[in-house]
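sequence unknown, structure follows:
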């Protein structure tokens, strides 16, 4: 299956993050104005739009739970259902902007990375009320994270 996406600026608002659903023909987009949109790219139609008060920085599908994780500039991670109709959990992941997030491919872990001045990576247990499992603090600026291998 080939997917081709063209993401454009609308009304002067920039796209901050984008993620493809691993099994559905969906894409989630986070914009700088705090909007999270889940699109069905086969129908070229939005499934859900959720507006947050703080600017969003990262969006990731947590497919095994039918959730979307939405990271923000104020360090908060919001967990909403895939349809964007229900915000059912939020937690402070960092004291600084959530710069990146990645979902472990086989374990129930969400990994978040923060910008300066914190410069940390944290792992969150999705099965245990998003308990912080580990924290890694480093000097380099964290710009992205992904699973390799």
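Yes, it's here. Note that the structure is predicted; figures quoted are calculated from it, not measured. Numbering: from 1, shown residues only.

show me the contacts for residue 25.
40, 41, 42 (Cβ atoms under 8 Å, 6 or more residues apart in numbering). To be clear about C-beta, it is placed using only N, CA and C from the backbone, and glycine gets the same treatment.

the second one: neighbour count?
Applying other Cβ atoms under 10 Å, we find 15 other residues in the vicinity of residue 41.

got it, and the one 10 residues further on?
Residue crowding around residue 51 was assessed by other Cβ under 10 Å; the count is 12.

report the separation between it and residue 132.
Going from residue 51 to residue 132 by Cβ to Cβ, to the nearest Å gives 28 Å.

check residue 36 too.
To residue 132, residue 36 is 23 Å away according to Cβ to Cβ.

coming back round to it: I'd like the contacts of residue 25 as CSV, with pLDDT and distance to residue 120 appended.
Below are those laid out as CSV (pLDDT from 0 to 100; distance: Cβ to Cβ, whole Å):
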residue, pLDDT, distance to residue 120
40, 93, 35
41, 90, 34
42, 91, 38
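
now, the residues you listed that are in strands?
Those of the contacts of residue 25 mapping onto strands are residue 40, per DSSP state E.

which one of the contacts of residue 25 is nearest to residue 31?
residue 41 (16.7 Å; Cβ to Cβ).

how about the secondary structure of residue 64?
Counting by DSSP: H, G, I helix; E, B strand; the rest coil, the backbone at residue 64 sits in helix.

not counting sequence-adjacent ones, nearest residue to it?
residue 108 (7.6 Å; Cβ to Cβ, 6 or more residues apart in numbering).

wait, the one you found sits on residue 125?
Yes. Counting by Cβ atoms under 8 Å, residue 108 touches residue 125, with 6.4 Å between them.
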